[in-house]
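J.: sequence plus the predicted model coming up.
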Amino acid sequence: MKMLASMAALAAALVVSPAMAQQRTAPSAADANAFLDKAEKAMFDQSLIQNRADWINATYISDDSDALAAWFGAIRTRMTVDYALEAAKFAEAKGLSEETKRRLLMLRTALTLPASTTPGAADELNALSTKLQSEYGRGKGTLRGQPINGSDIEAAMGTSRNPDELKEMWVSWHDNVGAPMRKDYSRLVSIANAGAKELGFADTGAMWRSRYDMPADDFATLTDRIWAEVKPLYDELHCYTRTKLNEKYGDAVQPDKGPIRADLLGNMWAQEWGNIYDIVAPQGVGDLGYDIGDLLTARGYDPVKMVKAGEGFYSSLGFTPLPQTFWDRSQIVKPRDRDVVCHASAWDLDNKDDIRIKMCTKVNSDDFVTIHHELGHNYYQRAYQNHPYLYLDGANDGFHEAIGDFVALSITPDYLVKIGLLDPAKVPGADKDMGLLLRQAMDKVAFLPFGLLIDKWRWGVFDGSIPESRYEQAWDGLRRQYQGIVPPVSRDETKFDAGAKFHIPGNTPYTRYFLARVLQFQFFEAACRQAGWKGPLHRCSFYGNKAVGRKLDAMLEMGASKPWPDALQAFTGQRDMSGKAMLAYFAPLQKWLKDQNKGKSCGW
Ligand SMILES: [Zn+2]
């Protein structure tokens, strides 16, 4: 797995190459290319040992494997910092080709949180970011007055239907976890901004937005445009969900007008609403009539056979089967005798053929979908293996996740019939379509404004338009404006609700998830169009279609070697990320929602 350093810079930031320090004249284009080749080779070689240390650490957790992974991780961070600073200097060289400029920019933007070279800054940034992350990890809320940890409270938010309990969990989590982080977060922002300036960016947010093959401001405009396309669909879903919540809880808890109370949507951050599908499910059409987990059990599938089925999907499109080492080295089931990281992931150990998945697979529907998703990462990794190191990545950071999700969207009833899991007589009729689509929309459509606003808030914090004195007000304002939700109790500037979402203290850029949600439908629509699918888009299967496979491979094979519009065009024929395919997928649902919402005063 290629991972770009997301940790804070270390003190090694100060060790700039002596050759550069002594240079009096501006470096030439040839110098820049020589530097890039040297950096790529060093990073490639380092990744080979780093990946192995990380793999052992994830599949055999111990003090020793922690120490080994941390040791190599620190080396990688130092390399990334050094190369980013050096790349910033070469960026001024005369006569650079577009490709050289692009490779230099990749190195300059490889760090998520750059520290300035001021003595002590890197250490302080590193300490702050570690502290914030572990505070989040240790965070607790309460339920009926008893402490409850992060993963348990998340699960309880999904299942509780008691508005007082939901409010208690929401408020305690946000008060306990977010509020204490405010000062540290503000300090972290100012150090990272100084680092970003040294690398030649206006601020850290501008640096994050510079990873998309276009000027930083144009990228912000692009995300706004995509949101404007899909907002009408979100508005209908919001309106319908609010009505159902009003019916369930009554006016005192959830009025039938205005914003929705954030804690009623089945998720701590109201980011995905699938957990309250039972509340919104339409009468009689909510149930599909089969469960993939039951089908797998009935046909005697074990975890390995499930992965073989996933491989079969890609083989049917013409992709070469997985190498024997995949089967020998992957962690497909949880080992009996040791601690491992069960969170599913896909790995590429040698940047070539040593691809693996790491899962604790159970025979159920979720894991069947996850297998298809993770293998998408593996086939992508293998497809782009022949490029230099900097290009061993998705076309932009939305692409990698979108590939896996796009393939997961392809697990339609038609596909299940083709692989012999579902009896053709049991294919749900068209009357089940709204149930199928609504269940998908509660997660995928509901997520869109949330996926957008996390970085809207952060971009504002980094560029200073949201000062520390307005952290809470700006956060609540964006949540209301984009998601149409409000906290269950009023908030003030002693709070810091943004900090109660992992990716803020964890410093993980978030727009990638927004892009992935949109892109997966563009990929899906393109595949179905190429396959000549005639029915409703959400029922489409292109299983076994080699022509689709060849086009998909043309995009995957490019990795990050070309600007993302070129990669997108290779598969879909389009050069722009857009919400139109998502709208086409959900068109029957949007029409149905409109009917349901008739006579209601939608909006907030
Ligand atoms: Zn993934």
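T.: Alright, I've got the coordinates. Numbering: from 1, shown residues only.
J.: all contacts plus neighbour counts: C-alpha atoms, from now on.
T.: Fine.
J.: Ala500 and Val177 touch, don't they?
T.: Yes. In this structure Ala500 lies within contact range of Val177 using CA atoms under 8 Å: 5.4 Å.
J.: which neighbours do these two share?
T.: Tyr136 (CA atoms under 8 Å, 6 or more residues apart in numbering).
J.: quick one, which of those two is more surrounded?
T.: Set Ala500 next to Val177 and count neighbours by other CA atoms under 10 Å: Val177 wins out with 27 against 23.
J.: and that one, how close does it get to Trp347?
T.: 32 Å (CA to CA, to the nearest Å).
J.: nearest spatial neighbour of Gly484, chain-adjacent residues omitted?
T.: Closest residue in space to Gly484, ignoring its immediate chain neighbours: Pro259 at 4.8 Å, by CA to CA, 6 or more residues apart in numbering.
J.: in the chain, where is pLDDT below threshold?
T.: By pLDDT under 70, the low-scoring segments of the chain are 1-25, 285-286.
J.: in it, which residue is closest to the centre?
T.: Residue closest to the mean C-alpha point of the chain, counted by CA atoms, centre = their mean, is Tyr513 at 3.8 Å.
J.: ok, now which ones touch that one?
T.: Contacts for Tyr513 (CA under 8 Å, 6+ apart) come out as Gly398, Glu401, Gly451.
J.: of those residues, which belong to helices?
T.: Taking DSSP state H, the ones among the contacts of Tyr513 that sit in helices are Glu401, Gly451.
J.: want to throw the contacts of Tyr513 into CSV with neighbour count and distance to Ala584?
T.: Listed next are the contacts of Tyr513 as CSV, based on neighbours: other CA atoms under 10 Å; distance: CA to CA, whole Å:
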residue, neighbour count, distance to Ala584
Gly398, 22, 20
Glu401, 21, 21
Gly451, 19, 20
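J.: from the contacts of Tyr513, which is closest to Val171?
T.: Gly451 (21.8 Å; CA to CA).
J.: could you verify my assumption that that closest one touches Phe514?
T.: Yes. Using CA under 8 Å, Gly451 makes contact with Phe514 at a distance of 4.7 Å.
J.: what separation is there between Thr109 and Ala87?
T.: Applying CA to CA to Thr109 and Ala87 gives a distance of 10 Å.
J.: repeat that for Lys358.
T.: Taken as CA to CA, the span from Lys358 to Ala87 is 34 Å.
J.: next one: Asn51
T.: 24 Å.
J.: need the helices for the stretch 501-604 of the chain, in chain order.
T.: Along the stretch 501-604 of the chain, counting by DSSP state H, counting those that start in this stretch, helices occupy 511-530, 546-558, 564-572, 580-585, 587-596.
J.: quote the end-to-end distance of stretch 254-273.
T.: Distance across stretch 254-273, first residue to last, is 16 Å (CA to CA).
J.: same deal with stretch 248-258?
T.: End to end - CA to CA - stretch 248-258 spans 16 Å.
J.: do the same with stretch 271-278
T.: End-to-end distance for stretch 271-278, by CA to CA: 17 Å.
J.: put the alpha carbons of stretch 312-327 into PDB.
T.: C-alpha atoms of stretch 312-327 as PDB (Å, rounded to 0.1, in the frame of the first residue of the first chain):
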ATOM      1  CA  GLY A 312     -14.600 -13.800 -10.700                       C
ATOM      2  CA  PHE A 313     -16.300 -10.500 -11.300                       C
ATOM      3  CA  TYR A 314     -13.000  -8.900 -12.500                       C
ATOM      4  CA  SER A 315     -12.100 -12.000 -14.500                       C
ATOM      5  CA  SER A 316     -15.400 -11.800 -16.300                       C
ATOM      6  CA  LEU A 317     -14.300  -8.300 -17.500                       C
ATOM      7  CA  GLY A 318     -11.100  -9.800 -18.800                       C
ATOM      8  CA  PHE A 319      -8.700  -8.900 -15.900                       C
ATOM      9  CA  THR A 320      -5.900 -11.400 -15.300                       C
ATOM     10  CA  PRO A 321      -6.700 -13.600 -12.200                       C
ATOM     11  CA  LEU A 322      -5.100 -12.700  -8.900                       C
ATOM     12  CA  PRO A 323      -1.500 -14.100  -8.400                       C
ATOM     13  CA  GLN A 324      -1.000 -17.200  -6.200                       C
ATOM     14  CA  THR A 325       0.800 -14.900  -3.700                       C
ATOM     15  CA  PHE A 326      -2.500 -13.100  -3.100                       C
ATOM     16  CA  TRP A 327      -4.000 -16.300  -1.800                       C
END
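J.: residues in contact with it?
T.: 311, 353-357, 543-550.
J.: what of stretch 535-552?
T.: 313-319, 410-415, 418, 437, 525, 527-528, 530-531, 533, 570-571, 584-586.
J.: try it again at 7 Å.
T.: Contacts to stretch 535-552, defined as CA atoms under 7 Å, 6 or more residues apart in numbering, come from residues 313, 316-318, 410, 412, 414-415, 527-528, 530-531, 533, 570-571, 585.
J.: and for stretch 155-168?
T.: Contacts for stretch 155-168 (CA under 7 Å, 6+ apart): Thr142, Leu143, Arg144, Asp263, Leu264, Gly266, Asn267, Met268, Asn275, Pro488.
J.: widest-spaced pair of the residues you listed?
T.: Farthest-apart pair in the contacts of stretch 155-168 is Arg144 and Asn275; separation 21.0 Å (CA to CA).
J.: of these two, which one has the most company?
T.: Asn275 (18 against 10).
J.: so the more buried one makes contact with Gly266?
T.: Yes. When contacts are counted by CA atoms under 7 Å, Asn275 is listed as touching Gly266 (5.1 Å).
J.: end to end, how far does stretch 410-424 reach?
T.: Terminal residues of stretch 410-424 lie 17 Å apart, using CA to CA.
J.: point out the most buried one among the helices of the stretch 501-604 of the chain.
T.: helix 511-530 (a mean of 23; mean count of other CA atoms under 10 Å).
J.: relative to helix 546-558, how tilted is it?
T.: Relative orientation of helix 511-530 versus helix 546-558 (axes from the mean of the first three to the mean of the last three CA atoms, to 10 degrees): 150 degrees.
J.: got the CA coordinates for helix 511-530 in PDB?
T.: C-alpha atoms of helix 511-530 as PDB (Å, rounded to 0.1, in the frame of the first residue of the first chain):
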ATOM      1  CA  THR A 511     -13.300  16.300  -0.200                       C
ATOM      2  CA  ARG A 512     -12.000  13.000  -1.600                       C
ATOM      3  CA  TYR A 513     -15.100  11.200  -0.200                       C
ATOM      4  CA  PHE A 514     -17.400  13.700  -1.800                       C
ATOM      5  CA  LEU A 515     -15.700  13.200  -5.100                       C
ATOM      6  CA  ALA A 516     -15.800   9.400  -4.700                       C
ATOM      7  CA  ARG A 517     -19.500   9.500  -4.200                       C
ATOM      8  CA  VAL A 518     -20.100  11.300  -7.400                       C
ATOM      9  CA  LEU A 519     -17.500   9.500  -9.500                       C
ATOM     10  CA  GLN A 520     -18.700   6.000  -8.700                       C
ATOM     11  CA  PHE A 521     -22.000   6.800 -10.400                       C
ATOM     12  CA  GLN A 522     -20.100   8.300 -13.400                       C
ATOM     13  CA  PHE A 523     -18.200   5.000 -13.700                       C
ATOM     14  CA  PHE A 524     -21.300   2.900 -13.300                       C
ATOM     15  CA  GLU A 525     -23.300   4.900 -15.800                       C
ATOM     16  CA  ALA A 526     -20.400   4.700 -18.400                       C
ATOM     17  CA  ALA A 527     -20.000   0.900 -17.900                       C
ATOM     18  CA  CYS A 528     -23.800   0.300 -18.400                       C
ATOM     19  CA  ARG A 529     -23.900   2.600 -21.400                       C
ATOM     20  CA  GLN A 530     -21.000   0.700 -23.000                       C
END
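J.: how far off centre is it?
T.: 13 Å (CA atoms, centre = their mean, to the nearest Å).
J.: quick one, that helix and helix 564-572 angle?
T.: Helix 511-530 and helix 564-572 are oriented at 30 degrees to each other (the same axes, to 10 degrees).
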